[in-house]
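Undergrad: compute the structure for the input listed below.
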Amino acid sequence: MRFSFPASIALALSLGAASAYAIDFPTMKAGLWESSVAREGAPQKTGSTRMCMDAAVQKEMMDMGMGTMKSMCSKNDIRREGNKVYGSAECKFGDATMKSTSVTTFTGDTAYHAEIKSTTEPPMQGMPSGTAVVDAKWVGPCPAGMQVGDVVLPNGQKVNMRAMSKGAPGGAPKQ
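TA: Just a heads-up that it's a prediction; the model follows:
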């Protein structure tokens, strides 16, 4: 299964959707976050994504991710044990059904590591299964020129997740 950037980040962040479940997840430290996604069969170092985040944007993104999962998934179970969050989902993408499991390990409020495994029937893009690993860490305050919700993709495009979630024009990729 190949994950697009918005799907990857929404999936990773929705694992911490405290608003949707009675699970106490850490609020990630406000500021600049850097993340990388490694996918099975893709080059390991494809660049990193940078995002300027605060608690409000984290909640908005989690709500958006959980809303998307709720509309597409017949099963979405999440449980927490200490600093680990375990997820299991079954979702429909057109005619395909994807079953996934995930384990996200939080390091305080400054980092997380998520491992997501999925199988899809029938296979999507010729891939019956896939693995994605997301590593994210807080790297400091947001730099000048970035506002809360701004995301800089590995290719340099800039989008604002807050605007995207509300359908505003500022959510479109910027060069």
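
Undergrad: could you pull up the mean pLDDT of the top helix by length along the chain?
TA: With secondary structure taken from DSSP state H, the chain has its longest helix at helix 55-72. Confidence over helix 55-72, taken as the mean pLDDT, stands at 81.

Undergrad: could you pull out the buried residues of that helix?
TA: Buried positions in helix 55-72, judged by neighbour count with 16 or more other CB atoms under 10 Å: Val57, Gln58, Lys59, Glu60, Met61, Met62, Asp63, Met64, Gly65, Met66, Thr68, Met69. In short, each C-beta sits where N, CA and C put it, glycine included.

Undergrad: reformat the residues you listed as CSV; add distance to Glu40.
TA: Below are these laid out as CSV (distance: CB to CB, whole Å):
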residue, distance to Glu40
Val57, 29
Gln58, 28
Lys59, 31
Glu60, 30
Met61, 25
Met62, 26
Asp63, 29
Met64, 26
Gly65, 22
Met66, 25
Thr68, 23
Met69, 22
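
Undergrad: all strands for the protein, in order.
TA: Taking DSSP state E, the strands of the chain run over residues 31-39, 49-53, 73-81, 84-93, 96-107, 111-124, 127-140, 150-152, 158-160.

Undergrad: turn these into a markdown table, including mean neighbour count.
TA: Converted to a markdown table, those look like this (neighbours: other CB atoms under 10 Å):
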| stretch | mean neighbour count |
| --- | --- |
| strand 31-39 | 19 |
| strand 49-53 | 23 |
| strand 73-81 | 14 |
| strand 84-93 | 16 |
| strand 96-107 | 17 |
| strand 111-124 | 18 |
| strand 127-140 | 17 |
| strand 150-152 | 23 |
| strand 158-160 | 20 |
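
Undergrad: for the chain, name the helix or strand with the lowest mean pLDDT.
TA: Taking mean pLDDT, DSSP states H and E as the measure, the helix or strand of the chain with the lowest value is helix 5-14, at a mean of 42.
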